[in-house]
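**Student:** Structure here, sequence nowhere to be found:
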């Protein structure tokens, strides 16, 4: 029976090529936009190197400090707070304190090179899974001693050293010379926690003023839990720690609020007050409504043309539900074809985005997970836009349906 | 075999009420070949639709093979149509996107048979109407008479006990019409298929066992 349905489905598609084209175009375009959006979402929040354990990693991105006079400040925390208090938590497996990536300008053979530099401690390399192309990370001793060593990414290696190996060579960053100890694959810029062009030890900074900054600063702290189940325990310990903080100047600030979050939680709170997933889901549903409604309309008029076929099948024993099934299968087939076109189109768009530099170091891909999301969307699309027209036409009285073919 | 008792069929709209059938009482024995005649609008096709369970009578009751089926639901009626009744229409009603053998297989799609068995039965039905050589042609490649023969093959492929033919020769010339009638008579004679045929042609009606005449929805003796 399925073979019969598929045969007739293809014949119907070819009979009205323009309508089929319109339907496929609408489906493909919608799915391309959704797949690219899902790919971007996955790019930012999904488990990719160097952030392969998002279920076990929390970061203190922002805190809010308030004072007795009602004054407040919010933003990244100071190094002193993170080093003195967050680093002392006992339930995590590892804790890192690292700086926000900052721009710096260097010169090489007279050419100006702009780079993003991030100061990190040795624990940073143990929490995240960077892929080293040469050498390795700097050590805790390097950081303690303030050694001027650096890990750079492969684009920085190419900009400074052409195609040559970089380990052992000297690179100028932030008007200081650093010896390269390791080269890693490029990290996408949207990976806000780990991105940089070059990573240097915290204590190698020219000025150590940052060590006195408490409530306001330019540092994050990342916590690796022993397991995903430990996250609530860590958050609880963190909240307890906040009640025991001794402030450098209680007259200015005497209270800190904040909590360690996943990147998704932080983005969600920042952008939508904690409802990012909900907002995105609603946006996807609304975005899909337009082509779905369009496809429903096209399907209703398509099926009306086949009224006599409906009457005939009913005359020979098809029940209403059997006919609904036939038309839904045809519609799902159409959306799967649109889905295949969408995947091809999405690959092209993603390659173009990667090549354009619009998102620096973008590595947008269609991996199996995204493929399955897209396929599920296509099938849902087909079912949703096919069921109503199919049900409506299967209710058609067989005599009227047959008469419709005779006219 | 087919029994209609006091059948009425009334079509109602917001403003108009049309009596298509009124007080129809009819018994058709198994293996009979009867014709139904009357002027346009006399209710012939409506009668056929009621017998074929495509339309529900407003009043009265209908029995097929001893079962009173007035209260049956859509799914049960669909099963009876599939198992017991075959239809032949004036305009053939072949699906142009499917080839001949796929058209003939349609009734068998709703019987949960394996594909090989469906194909075998469809080819056998085509053989009975003399169209095996056209099995993989499309309807548009056939003459009117050939298309009607395909429609008959489709109607009989499931070996129904009742064949309902609504003006089966209406769109054919007399020579092709005679061919079709020969096939219908052959089915009636060889398989004991009960045939109820609507026709305008008194010449064809004379070849049947008896003729039911309708006028304005009523039986006329």
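**Tutor:** Arrived safely. Predicted, not measured: the structure shown is a model, and the values here were computed from it.

**Student:** burial count for the residue of chain A found nearest chain B?
**Tutor:** Of all residues in chain A, residue A:317 sits closest to chain B, with a separation of 2.4 Å (C-beta to the nearest C-beta). For glycine as for every other residue, the C-beta is placed from the backbone atoms N, C-alpha and C. Residues near residue A:317, counting by other C-beta atoms under 10 Å in any protein chain shown, number 23.

**Student:** who's in contact with the residue most central in space within chain B?
**Tutor:** The centroid of chain B falls nearest to residue B:164 when counting by C-alpha atoms, centre = their mean (2.0 Å). Listed by C-beta atoms under 8 Å, 6 or more residues apart in numbering or on different chains, the contact partners of residue B:164 are B:48, B:51, B:52, B:85, B:86, B:87, B:88, B:195, B:196, B:197.

**Student:** out of the residues you listed, which one sits closest to residue A:17?
**Tutor:** Of all the contacts of residue B:164, the one with the least separation from residue A:17 (C-beta to C-beta) is residue B:87, at 32.3 Å.

**Student:** Report the contact partners of residue B:208.
**Tutor:** B:33, B:34, B:35, B:195, B:197.

**Student:** is it fair to say it lies in a strand?
**Tutor:** No - read with DSSP: H, G, I helix; E, B strand; the rest coil, residue B:208 is coil and lies in no strand.

**Student:** Next, give me the two most distant ones among the contacts of residue B:208.
**Tutor:** Farthest pair in the contacts of residue B:208 (C-beta to C-beta) is B:35 and B:195. Separation: 8.8 Å.

**Student:** Next, count neighbours for the residue nearest to residue A:161 when sequence neighbours are not counted.
**Tutor:** The shortest distance from residue A:161 to any non-neighbouring residue, by C-beta to C-beta, 6 or more residues apart in numbering or on different chains, is to residue A:169 (6.0 Å). Using other C-beta under 10 Å, the number of residues around residue A:169 comes to 14.

**Student:** With residue A:281 as the reference, measure out to residue A:169.
**Tutor:** 49 Å (C-beta to C-beta, to the nearest Å).

**Student:** Also residue B:202?
**Tutor:** Counting by C-beta to C-beta, the gap from residue B:202 to residue A:281 is 70 Å.

**Student:** Could I get the contacting residues of the nearest residue to residue B:113 once chain neighbours are set aside?
**Tutor:** In space, and not counting its chain neighbours, residue B:113 is closest to residue B:121: 7.7 Å by C-beta to C-beta, 6+ apart. Under the criterion of C-beta under 8 Å, 6+ apart, the neighbours of residue B:121 are B:105, B:108, B:113, B:157, B:158.

**Student:** is it fair to say residue B:121 lies in a strand?
**Tutor:** No - applying three-state DSSP, one finds residue B:121 to be helix, outside a strand.

**Student:** which residues are in contact with the helix or strand bottoming out on mean pLDDT in chain B?
**Tutor:** Lowest mean confidence among the helices and strands of chain B (mean pLDDT, DSSP states H and E): strand B:67-68, at a mean of 86. Contacts to strand B:67-68, defined as C-beta under 8 Å, 6+ apart, come from residues B:61, B:62.

**Student:** Show me what whichever helix in chain A runs longest is packed up against.
**Tutor:** Counting by DSSP state H, the longest helix found in chain A is helix A:320-356. Judged by 3 or more C-beta pairs under 8 Å, 6 or more residues apart in numbering or on different chains; DSSP states H and E, helix A:320-356 is in contact with helix A:2-15, helix A:17-45, helix A:276-305, helix A:307-315, helix A:368-394, helix B:74-84.

**Student:** Can you report how many residues lie near the residue of chain B found nearest chain A?
**Tutor:** Closest contact between chain B and chain A, by C-beta to the nearest C-beta, is at residue B:82 (2.4 Å). Residue B:82: 21 surrounding residues under other C-beta under 10 Å.

**Student:** from memory it sits against residue B:110, does it?
**Tutor:** Yes - assessed by C-beta atoms under 8 Å, residue B:82 is found in contact with residue B:110 at 5.1 Å.
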